[in-house]
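Colleague: Got a predicted structure here, sequence first:
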Amino acid sequence: MARMLEVIGAGLSRTGTNSLHLALEALGLRSLHFDRARLNDVLDGTNPKPDFRVYDDLDAVVDLPGAYFYPELLRAYPESAVVLTVREVESWWRSIEVHFNVVAPVPEYPRMLRRALNKLGWSGKHDAIDDFRRRLRNHVYGSPVAQEFMYKKKYRQHNEHVIATTPPERLLVMDISAGEGWDKLCPFLQRAIPNAPFPHSHQTDYDNPAPWVG
């Protein structure tokens, strides 16, 4: 029997999306974090008329690319609630810069050049996830490499658009990095507060000892 998607996580990466995903699972919802497969035909342009009813087997989808396509998901699942995870922009930038440019960078080699290098025996690491990340980051931020001005601009624009276009009664804005947790999430979803701490993943920021989540 098909499920009806209950929660769309509209927050961009490094705003507590994995913590939200773990919290939703603790509440008994089947959640998917950072979908690498179901919207690839939209991202790569091979499907000009996509059907966004691709999450009928889930209760929640969190992080990109679902967060980027939240308007389409809202139309596909009109009864869904939207949880927008946010974070102070300077803290978010420090985290995203290190994650995108150091921890999980996209190789600079274009596809044609990589193919030529492969024929010459080059063994550098690249795979389908690199192409996925490049397409995703280009769509969401305009560049696969984190660039401060443009990334901050896109981050602010995304959050403002979610707030402006989502019916207020269906929208929850959460700052998990500031300590918001069960007391805010559970009443919104009409769930009982679990007898367990709110899950916090990624407890230490790269350049700030204060707790954070991503």
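Modeller: The structure has been received and is ready for your questions.
Colleague: middle-most residue in this protein, spatially?
Modeller: Asp63 (1.8 Å; Cα atoms, centre = their mean).
Colleague: So what does the closest residue to that one other than its chain neighbours have for phi and psi?
Modeller: Leaving aside its sequence neighbours, Asp63 sits nearest to Thr17 (Cβ to Cβ, 6 or more residues apart in numbering; 4.0 Å). C-beta: built from backbone N, CA, C; applies to glycine. Dihedral pair for Thr17: phi -70, psi -40, per degrees, to the nearest 10.
Colleague: again, but for Leu172
Modeller: Backbone torsions of Leu172, given as degrees, to the nearest 10, read phi -120, psi 130.
Colleague: Now do the SS call for Arg38.
Modeller: What DSSP: H, G, I helix; E, B strand; the rest coil gives for Arg38 is coil.
Colleague: tell me the contacts of the residue lying closest to Tyr70 once chain neighbours are set aside?
Modeller: Leaving aside its sequence neighbours, Tyr70 sits nearest to Ala10 (Cβ to Cβ, 6+ apart; 4.4 Å). Shown in contact with Ala10 (Cβ atoms under 8 Å, 6 or more residues apart in numbering): 67, 70, 82-85, 162, 166.
Colleague: Now intersect those residues with the strands, please.
Modeller: 82-85 (DSSP state E).
Colleague: Near Ala178, how many other residues are there?
Modeller: 15 (other Cβ atoms under 10 Å).
Colleague: thinking again about what came up before, between the contacts of Ala10, which sits nearest Phe198?
Modeller: Nearest to Phe198 among these, counting by Cβ to Cβ, is Thr85 at 12.6 Å.
Colleague: how close does that closest one get to Glu180?
Modeller: Look at Thr85 and Glu180: by Cβ to Cβ, to the nearest Å, they are 9 Å apart.
Colleague: out of the two, which sits in the more crowded spot?
Modeller: Thr85 (29 against 17).
Colleague: mind listing the strands for the protein?
Modeller: 7-9, 31-33, 60-62, 81-85, 171-174.
Colleague: Indicate which one of these is closest to Ala104.
Modeller: strand 31-33 (14.7 Å).
Colleague: Going by neighbour count, list what's buried in the closest one.
Modeller: By neighbour count on 16 or more other Cβ atoms under 10 Å, the buried set for strand 31-33 is 31-33.
Colleague: same check, this time on stretch 181-197
Modeller: 181-182, 184-186, 189, 191.
Colleague: Need the overlap of contacts for Thr85 and Glu180.
Modeller: Common contacts of Thr85 and Glu180 (Cβ under 8 Å, 6+ apart): Met174.
Colleague: picking that back up, out of the buried residues of strand 31-33, which one sits closest to Asn40?
Modeller: Leu32 (14.0 Å).
Colleague: ok, now which ones touch the closest residue to the closest one other than its chain neighbours?
Modeller: Spatial nearest neighbour of Leu32, excluding adjacent residues (Cβ to Cβ, 6+ apart): Val61 at 5.0 Å. By Cβ under 8 Å, 6+ apart, the contact list for Val61 reads 5, 7-9, 31-32, 35, 55, 73.
Colleague: tilt between the biggest helix by length in the chain and strand 81-85?
Modeller: Longest helix of the chain, by residue count under DSSP state H: helix 148-165. Between helix 148-165 and strand 81-85, the angle comes out at 150 degrees (axes from the mean of the first three to the mean of the last three Cα atoms, to 10 degrees).
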